[in-house]
Every structure is written in structure tokens, then in C-alpha cells.
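Q: A structural model of the following input is requested.
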Amino acid sequence: MPHGRAWRTYGVHLAAVHAAWTERRRVYELGARLAIRRRQPGPHALMGDFNTIAPGEVLDVERLPGRLRALVWLSGGRIRWHTIQAILDNGYVDAYRRLQPDLVGSTFPTWDPHVRLDYLFVPGDYAANLRSCSVVTNAPAPAASDHFPLLADLDLDF
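A: Residues are numbered from 1 along each chain as shown. Sure, this is the predicted structure:
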């Protein structure tokens with residue numbers, strides 16, 4: 001606990017499936033987590049599988065399994081990416097994108113990585129504490145997950 005202040009971490013695993021209605025569900029699920037900043041101010045990280053992409057990033061729908069392509073089509077053929085934007089609008093910084101602005105950073109699936117679904121966010125006030133954030137792709141065969149993990153280094157002395 002640096003200087004008597006705790007650095008908290010909050011893990012999330014939001015609803016899966018790339019469709020308009022699940023994006024609305026993810027935004028709803030995220031509501032309580034975004035209240036963390038108001039109820040427990042201070043250094044913390046919001047991280048995990050958000051099951052969505054950030055605005056401006058591309059999802060190659062053709063690389064999705066057929067059942068998921070059908071869901072995209074059934075939901076109007078267009079997915080609106082509101083979840084990550086809601087996090088950014090609440091003053092959080094995307095650690096990977098801040099430190100790796102020119103890399104794609106695909107985390108899913110491990111056998112054909114082509115989309116970034118996993119994130120680590122910190123409040124903007126603590127963005128200067130970010131030292132590194134990368135996708136770990138060189139570990140032994142992933143048995144625990146179909147997502148590659150993120151590895152971040154944060155300066156806890158502030």
C-alpha cells in the first residue's frame with residue numbers, strides 16, 4: 001500500500017455476443033462499475049473481458065463463427081460500440097491504447113487473434129502511473145482461456 005493508499009483492482013466479464021442488444025446490456029452491466037469512481041475515489045484499475053471493441057476499432061464480421069455472424073445480421077447488421085465509449089466518457093484511460101497507440105492488440109481468440117476484447121482502464125488522474133501494458137502471446141499453450149491476457153506495469157509510488 002504505497003503511502004497508505006490502496007490501489008484497487010476491479011475485474012469484469014461483460015455479456016458476450018456481438019449484437020446491438022448485447023451492447024446495450026453491456027452498457028447496463030457497466031453502470032455499477034462506473035459508480036466505483038464516485039463512491040471510492042482514488043487509484044484503481046478496471047480490467048477484464050469487456051466483450052466489445054472500442055470506437056474506431058474494426059471488427060471483421062467475416063472472421064466470426066457463422067452463428068455469431070447471424071446474430072450481427074439479426075440485430076441490424078451494424079453494431080454500435082457504446083460500452084468502451086461510456087468508460088472513456090467517465091474519465092478513464094485505456095492503458096493499452098495510451099501506451100500502444102499504433103498496435104492492434106488483438107486478444108481474442110487465441111487460435112486466430114483478430115479482435116481486442118480485453119482492456120485495462122485507470123482513472124485519468126492516474127494515467128501517468130502507467131509504465132507498460134501489453135498482450136501476452138508468448139506464454140505456453142493457453143489452456144485457461146480463449147483470450148490472451150494483458151500484462152500491465154503501474155507505478156504505485158505517488
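
Q: which ones are touching the spatially most central residue of the chain?
A: Centroid-nearest residue in the chain, with C-alpha atoms, centre = their mean: residue 119, separated by 2.6 Å. For residue 119, the contacting residues are 47-48, 50, 54, 84, 87, 94-96, 150, by C-beta atoms under 8 Å, 6 or more residues apart in numbering. C-beta: built from backbone N, CA, C; applies to glycine.

Q: does it belong to a helix, a strand or coil?
A: Following DSSP: H, G, I helix; E, B strand; the rest coil, the label given to residue 119 is strand.

Q: any idea how far residue 97 is from it?
A: Applying C-beta to C-beta, to the nearest Å, the value for residue 119 to residue 97 is 9 Å.

Q: and what of residue 146?
A: Here residue 146 is placed at a distance of 22 Å from residue 97 (C-beta to C-beta).

Q: who's in contact with residue 65?
A: Shown in contact with residue 65 (C-beta under 8 Å, 6+ apart): no residues.

Q: same question, residue 16
A: 22, 51.

Q: in the sheet, who's paired with the residue nearest to the centre of the chain?
A: Beta bridges link residue 119 to residue 48, judged by DSSP bridges.

Q: just to revisit the earlier point, please say which of residue 146 and residue 97 ends up with more neighbours.
A: residue 97 (20 against 11; other C-beta atoms under 10 Å).

Q: doesn't that one belong to a strand?
A: No - going by three-state DSSP, the assignment for residue 97 is helix, not a strand.

Q: skipping adjacent residues, who's closest to it in space?
A: Spatial nearest neighbour of residue 97, chain neighbours left out: residue 54 (6.9 Å); criterion: C-beta to C-beta, 6 or more residues apart in numbering.

Q: run a quick neighbour tally on that neighbour.
A: Residue 54, neighbours per other C-beta under 10 Å, totals 18.

Q: quick one: the helices in this protein, in order.
A: 20-34, 36-39, 66-74, 83-89, 95-99 (DSSP state H).

Q: how about the ones you listed in JSON lines, adding mean pLDDT and distance to residue 155?
A: Below are the helices of the chain laid out as JSON lines (pLDDT from 0 to 100; distance: least, C-beta to C-beta, whole Å):
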{"stretch": "helix 20-34", "mean pLDDT": "83", "distance to residue 155": "24"}
{"stretch": "helix 36-39", "mean pLDDT": "72", "distance to residue 155": "20"}
{"stretch": "helix 66-74", "mean pLDDT": "72", "distance to residue 155": "39"}
{"stretch": "helix 83-89", "mean pLDDT": "94", "distance to residue 155": "22"}
{"stretch": "helix 95-99", "mean pLDDT": "97", "distance to residue 155": "12"}
